[in-house]
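Q: One predicted model, sequence on top.
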Amino acid sequence: MSFQPVILWTDALVYLLLALLMLTVWHTRRHSHLKAPWRRVADRRIGQATMVLLSFYVVIGLLDTLHFHPRTSVDERGRAVYSTEVLSLFDVIAGPLRTQREKTYSAPFATHLFSKETVQLSDGSSARGFPRLQYGGAHLSGDGEGRLADIAAKALWGAAKGALLWVVLILPLCGFSLGRAARLLRGRLLQPWHIAAYAAFAVICVFSALWELAGYYHILGTDKVGEDVFFQSLKSIRTGLLIGTLTTLVMLPAAILLGIMAGYFRGWVDDLIQYLYTTLNSIPGVLLIAAAVLMMQIYMSNHADEFNSLTERADLRLLFLCLILGVTSWTSLCRLLRGEALKLRELEYVQAARAFGVGHFAILVRHILPNVMHIVLITIVLDFSGLVLAEAVLSYISIGVDPATSSWGNMINGARLELAREPVVWWSLLAAFGFMFTLVLAANLFSDVVRDAFDPRLREQR
Amino acid sequence: MSAYIIRRLLYALPILIGVNALTFLLFFVVNSPDDMARMHLGGKRVTDQAIQSWKEEHGYDKPLLFNYEAAGAQRLTDTILYQKSVRLFLFDFGQSDSGRNIGHDISQRMWPSLAIAVPTLLVGLAFNITFALLLAFFRGTYFDLWGVVICVAMMSISGLFYIIGGQYLVGKLLNLVPISGYDTGVHALKFLILPVIVGVIGSIGSGTRWYRTLFLEEIHRDYVRTARAKGLSEQLVLFRHVLRNALIPILTGVVVVLPLLFIGSLLTESFFGIPGLGSYTIDAINNQDFAVVRAMVFLGAVLYIIGLLMTDISYTIVDPRVRLD
Amino acid sequence: MSVIETAMANAADTGPPLLEIDGLATHLGHSTNPVRAVDGVSLTIRRGETFVLLGESGCGKSMIALSVMRLLPHSGRIVAGEVSLGGRSLRALSEAQMRSERGGRVGMIFQEPMTSLNPVMTVGEQVAEAVRLHDDENRMRVGERVVELFRAVGIPDPERRTGEYPHQLSGGMKQRVMIAIALAGRPQLLIADEPTTALDVTIQAQVLDLLKKLQRETGMGILLITHDLGVVAEMADTVGVMYAGQLVETNSAREFFRAPRHPYSRKLFRSLPMAEKRHRGLEVIRGIVPALDQPFTLCRFVDRCESAIDLCRLQAPPWRDNGAGGYRCHLAPGIDAKQTAKDTVAPALADEVSGTLLNVTGLKVHFPIQRGVLRRVVGHVKAVDGVDLAIGHARTVALVGESGCGKTTVGKAILQLQRPTAGEVWFDGVDVARLDSARLRGLRQDFQIIFQDPAASMNPRMLVEDIVAEGMLAQRIGRNRAERRALVEQLLLQVGMQPRAADRYPHEFSGGQRQRIAIARALALKPKLIICDEPTSALDVSVQAQVLNLLRDLQDEMGISYLFITHNISVVAYLAHEVAVMYLGRIVEYGDVDSVLGRPLHPYTEALLSAVPVPDPERNRDVVRLQGDMPSPIDPPTGCHFHPRCPRVMPVCRERYPDRFRSDDGRQVSCWLLAPQHDGSL
């Protein structure tokens, strides 16, 4: 084998999340009342468009989750020796993007470095000037003549490849029938998926053009150590998605269980659970996170030998951050669920179940839980965007993810000080904000659609 | 009412004890004072002697819970638990790890925090309520639709962007106000304008959208139909009936954060160089000054509980249906 | 000639009719597939006249009112027709002009007084707002005018009440405030949309009296919307019957009650439960109201009509005008093609008594009130305060009372869903109040409950099969899924549903069907006793009849006993063997249904019965009107709980709660009037 698979802690949780997701999809497909709200989501144009955009992010995040040790050599007894470096499938796909490093800053699409350096001229003398980049625009002759035309041509070529890919993806979905494909695009199918198809076209073409260009240029420039910013931004997607989803996931069982128990049983159970979440809630979130992360830092620096690699350490820190963010954010969901369970327990079908002699546990599972799940779902989706934004802020005050982890927060943090330079180094900052904004906007719009579709109260008002 | 307040204050005690226990656990049990000393002194190759003297200097050389060597009441008081945790209940914050009096620092630094936080809150509230009312009045039109779209877009932008962008645009390009710093008295004004503007703009997206939802919820109620059946104009219906009812959740939502304004905003203050409690906390985090972080955690919890109590009381003032007993 | 008729005669001579609606059509929802809520309605109301729109829920009667006011919901719009008030077209007015009409010449009151007033504004201010808008003469003396209005609508102590908030007033008082708001603009037309549906009968009687009095004084026209034939008889000069968005009959009230012309009107009368029908079954209207999101080309009622002829299925019936009114039917008035089978088959109520199934003694449910720093218990809400009841095998005992009297709590305490504070509940020889929850669970299959709201009584996320089988599963009836499935299908058949209903979700069924499923669910355990907590009060009259018939048939077949908790006296008269009247946590009169309803002995029973509107305008009633509201169970009046409202109060009533006396026909009555030698002294 040319690689040895590695499953980091967060990877394991992502797989668990995927399994849960598939289980939910399978369960939902079999129940019409569960399917109905999702159909309402899919009926909305915004719902379709944002779903496509989000799945694009998810695909990149997942590619970046399949980790392994590459094989470096074979030892004398024929056994493979694996590198301690941890790579992901995405790293392999991105290949040159990862490895082609410049010396330091360079602007987007630049052919020369951003700062003057003493360069050796061919005649042996030296002069100060902007040296040619090692990789960016290296295929261009001379000082980069015909750069614009080249960019346009490469972008068009990339977009064309993207269009082809899109056709290849769409055709099997339409059962290789051109008539069906035409009906799909005109929105004449039973479920009008045409907006999704157009959104997919846009996303695939744009990304494919960018990807094509990225093979020849640093399309978003390079950072201080010469790393490609486009690559960094893409690598940060996994971190953003993880923080947005795992945080809610890790505390979800506790929040649900405690919330509905407090509301259903009332009495001392309620008092205890309320005490628990009021106490946690009364510590300002940032301070709790700061305190916990500081403590973890000390622990990690004092027990550095317990970690096999830097990646593993960074990964554990990410997981811990998710955990601690979860601890500060589960209380609101718990309180919401408690309120809902208080209402539900007085409902007549719960009373009827008690009159049948159904046990408390069965009532909780059969009657209370299914009827609060829409709240859970709405909360997960609503919290997602807030958490992605929070990551950036926390990383800025250095209580976020490990500095070795790529994340938009770390990118902003690193680039912030460079704003004072003349001329300004703006690309890292804008790239991070841009990628984050796209994800968060899509998530916000999507969560609006989900809430409209799932909240029975909102539906009545329409 | 007074009985209610007393009961709530009594109820606050176990919560504060819980908070304290949690911080004690985090700061002294998960990591021992030795670990902290090593951290501060830097690296692993620190001598035991240096650790010991650092601990003595900062008062961490005592046993955690029970001092067998001391006599009488000192067995309990001459411990880290008492010195560092229990004394917080008396608002005796002690010394920071860098040797400053925390209580004094806090009393000095809360004013700049308030000077930023209060105007941001008030101006933001006025802005958001006005916008939300406008959107509610034109509900269902393109004005409303685009207003909501802009709100969603604005709340999707990172707060860091507003701060960095604001500093760059107003401070650096237009050169209108200083980028950061602070001054006393009236001179503080020029330093306050930018952070307040940035703070307000940052709150518009989510604030306006949330208030609009509240207004629309009220607009669908039966009493609004009664008001219309009376012959009131749409503006009067909004101002006299809808606004008054929607203000209840808005105001009580504001009241709960009022005490926390003292602590200020971590981000804004550190970016704009405001010497408030927010930047105090950030500095403490960056310098790993645990005594300050611990004090701020406790202070935050106290302020939050006061906020909850004030919320309950404010309900009785703005909502005639609520009585406390 | 009564006062009303005089007023009418005077008004009718002058000018155009007060309100004229011509061909009104109102649509809701998307324009491609609208719900035709009102589909071509024409009617006229003269000054001083009360026009009652009668119809079941969803027939479009409220939409007519909102169309007149131009207060339709966001998705609604008037697509055709003309509405003119005093000869002036309301549809042609600008929104600003329309505002001066709303609350000016036309006032409106709504069904839910609880939510129709602004909760954070004093009621005085809410009335004053209307005065300032519409009453130019009194603009300088708004405060005094508000007090005058409060006095006019019979609010006691008006000066103080103007400063109070809605939550401090009872439902009846709130509805009076609503009326005061409507009166502030001195309206010529008052629209009242189900103004008493949310109120108790004794309060309903007060409000209806008030409306009549105000009409006499001001000569205004009233458009009253209701589903209650009793209210129609009480109030109407003219009746309009709505069905599926159309008027199917208009008639003078007297003629309408004497000889209703449309088959639907006649069916409504026959499906009404009352004492005279005790020994027959009720007639039912089969089927359900058609959905209104389709254009109709034939008679809308044809699928439910038993007199339908071929013509009815070919074309929509024309409106037949005959001077005083008209109706929409192909048939000649008053012809029913065939009598329903139900009339003859339904068995009479079994009257023999055979042993006691349930015996409740001294039942008390008190909820503690905690106050102060240490949450000390400072008092109790005595929701149920010493109730004795006995139910025999295959018997029905009705528990009657107004909202808040504790009747629902009695039901829950018997089922041990709410553990009683004191008292014994002997069921089949076991005191279930003393059982621990494990032993109780095994006994639970013997007593079951049916709830009021069929929408809330079933988990929306479960299939009907799982809903009905839930009890079987808990009580281990049926060995496996297939066996339980067979039982479920059998039960569904038994309550008159298709077995395939098992594979559907509750929201796919109408209210009446859901109530049948709820009954099937209770029957699944073969219970001996079913507690029916207002099982028909959320249903329309025609559907109510189906459910009542079903309950009676089941009793005859399976010998089930019922504790029937209700506020609806006519249902009691139809269904019950015995009746217990509750007031403020205690039973005040308890006995055989005929004697209690026929000759009430307790003054409260008397007042309660006389407050119920009877669907017969000819009947002369001795009306006992109660003043005020039911006191709070936290702090009941000393002595007899009823004495502050009692028209026959004596000194002793203020001091001591009456003993339980047994009348000569074997009833138990808690009233000093029944004392062997009462002289009213202490």
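A: That came through fine. Numbering: from 1, shown residues only, chains lettered A, B, ... in the order given.
Q: in the chain, which helix or strand is least confident?
A: Picked chain A for this. helix A:456-461 (a mean of 55; mean pLDDT, DSSP states H and E).
Q: Chain B, not that one
A: helix B:74-77 (a mean of 74).
Q: what about it, distance to the chain center?
A: Centre-to-centre, helix B:74-77 and its host chain are 35 Å apart (C-alpha atoms, centre = their mean, to the nearest Å).
Q: Kindly report the same for stretch C:577-594.
A: Averaging C-alpha positions (C-alpha atoms, centre = their mean) puts stretch C:577-594 20 Å from its chain's average.
Q: May I have that stretch as CSV, with CA atoms only?
A: The C-alpha coordinates for stretch C:577-594 follow below in CSV (Å, rounded to 0.1, in the frame of the first residue of the first chain):
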residue,chain,number,x,y,z
HIS,C,577,-79.0,9.0,33.2
GLU,C,578,-77.9,11.1,36.1
VAL,C,579,-76.5,14.5,36.3
ALA,C,580,-74.3,16.3,38.8
VAL,C,581,-74.0,20.0,38.8
MET,C,582,-70.7,21.5,40.0
TYR,C,583,-70.1,25.0,41.3
LEU,C,584,-66.7,26.1,42.5
GLY,C,585,-65.2,22.6,43.3
ARG,C,586,-68.3,21.1,44.8
ILE,C,587,-71.4,19.3,43.6
VAL,C,588,-74.5,21.4,44.4
GLU,C,589,-77.1,19.1,42.9
TYR,C,590,-77.0,15.5,42.0
GLY,C,591,-79.8,13.3,40.8
ASP,C,592,-81.8,11.7,38.1
VAL,C,593,-81.4,13.6,34.8
ASP,C,594,-85.2,14.1,34.2
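Q: Buried residues in it, which are they?
A: Buried positions in stretch C:577-594, judged by neighbour count with 16 or more other C-beta atoms under 10 Å in any protein chain shown: C:577-594. Every residue, glycine included, has its C-beta placed from N, CA and C.
Q: I'd like the distance between B:Q49 and B:N31.
A: Using C-beta to C-beta, to the nearest Å, one gets 20 Å for the distance from B:Q49 to B:N31.
Q: Between those two, point out the one with more neighbours.
A: B:N31 (20 against 8; other C-beta atoms under 10 Å in any protein chain shown).
Q: hang on, isn't that one packed against A:I298?
A: Yes. Here B:N31 lies in contact with A:I298, judged by C-beta atoms under 8 Å, at a distance of 4.9 Å.
Q: before we move on, the earlier item: which of the buried residues of stretch C:577-594 fall in helices?
A: Using DSSP state H, the members of the buried residues of stretch C:577-594 that fall within helices are C:V593, C:D594.
Q: near chain B too, which of the buried residues of stretch C:577-594?
A: For chain B, no contacts are drawn from these by C-beta under 8 Å from any C-beta of the partner chain.
Q: Name the helix or strand for C:G442, please.
A: If you go by DSSP states H and E, C:G442 is part of helix C:437-443.
Q: Count the residues that sit near the residue of the stretch 51-200 of chain A found nearest chain C.
A: Per C-beta to the nearest C-beta, the residue of the stretch 51-200 of chain A with the smallest distance to chain C is A:P192, at 15.3 Å. Using other C-beta under 10 Å, A:P192 has 17 neighbouring residues.
Q: Distance-wise, check it relative to B:F28.
A: On the measure of C-beta to C-beta, A:P192 and B:F28 end up 62 Å apart.
Q: biggest helix in chain B by residues?
A: Under DSSP H, chain B gives helix B:102-137 as its longest helix.
Q: mind listing what's buried in that helix?
A: Here helix B:102-137 shows B:102, B:105-106, B:109-110, B:112-117, B:119-121, B:124-125, B:127-129, B:131-137 as buried, counting by 16+ other C-beta under 10 Å.
Q: Format the CA atom coordinates belonging to whichever helix or strand comes after it as CSV.
A: Tracing the chain past helix B:102-137, the next element assigned as helix or strand by DSSP H and E is helix B:142-155. Presented in CSV, the C-alpha positions along helix B:142-155 are these (Å, rounded to 0.1, in the frame of the first residue of the first chain):
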residue,chain,number,x,y,z
TYR,B,142,-40.0,44.9,-2.2
PHE,B,143,-38.7,47.4,0.4
ASP,B,144,-39.3,44.8,3.1
LEU,B,145,-37.9,42.0,1.0
TRP,B,146,-34.6,43.8,0.2
GLY,B,147,-34.4,45.1,3.7
VAL,B,148,-34.4,41.6,5.0
VAL,B,149,-31.9,40.4,2.3
ILE,B,150,-29.5,43.2,3.3
CYS,B,151,-30.0,42.3,7.0
VAL,B,152,-29.1,38.7,6.3
ALA,B,153,-26.1,39.8,4.3
MET,B,154,-24.9,42.1,7.0
MET,B,155,-25.2,39.5,9.7
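Q: Identify all contacting residues around the helix holding C:G442.
A: For helix C:437-443, contacts defined as C-beta atoms under 8 Å, 6 or more residues apart in numbering or on different chains pick out A:G357, A:G359, C:Q416, C:F427, C:V430, C:V432, C:L435, C:A474, C:Q475.
Q: likewise stretch A:330-341?
A: With contacts defined as C-beta under 8 Å, 6+ apart, stretch A:330-341 is touched by A:251-252, A:254-256, A:258-264, A:270, A:273-274, A:277, A:280-281, A:368, A:371-372, A:375-376, A:379.
Q: now swap in stretch C:610-618 and tell me
A: Stretch C:610-618 is contacted from outside by C:201-202, C:204-205, C:208, C:228-234, C:236, C:253-254, C:257, C:269, C:272, C:569-570, C:621-626, using C-beta under 8 Å, 6+ apart.
Q: Show me how to select, in PyMOL, the buried members of those residues.
A: Of these, the buried ones go into a single PyMOL selection, burial set by 16+ other C-beta under 10 Å:
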select buried, chain C and resi 201+202+204+205+208+228+229+230+231+232+233+234+236+253+257+269+272+569+570+624+626
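Q: The contacts of stretch C:610-618 in helices, which ones?
A: Per DSSP H, the contacts of stretch C:610-618 map to helices at C:201-202, C:204-205, C:208, C:229-234, C:253-254, C:257, C:269, C:569-570.
Q: Mind pulling up the pLDDT for the closest residue to chain A within the stretch 101-250 of chain B?
A: Residue of the stretch 101-250 of chain B nearest chain A, by C-beta to the nearest C-beta: B:S156 (3.9 Å). Looking at B:S156, its pLDDT reads 92.
Q: quick one: contacts for it?
A: Per C-beta under 8 Å, 6+ apart, neighbours of B:S156: A:S385, A:F437, A:V440, A:L441, A:A443, A:N444, B:G205.
Q: State the distance from the second one to chain B.
A: If you measure A:F437 against chain B using C-beta to the nearest C-beta, to the nearest Å, the figure is 6 Å.
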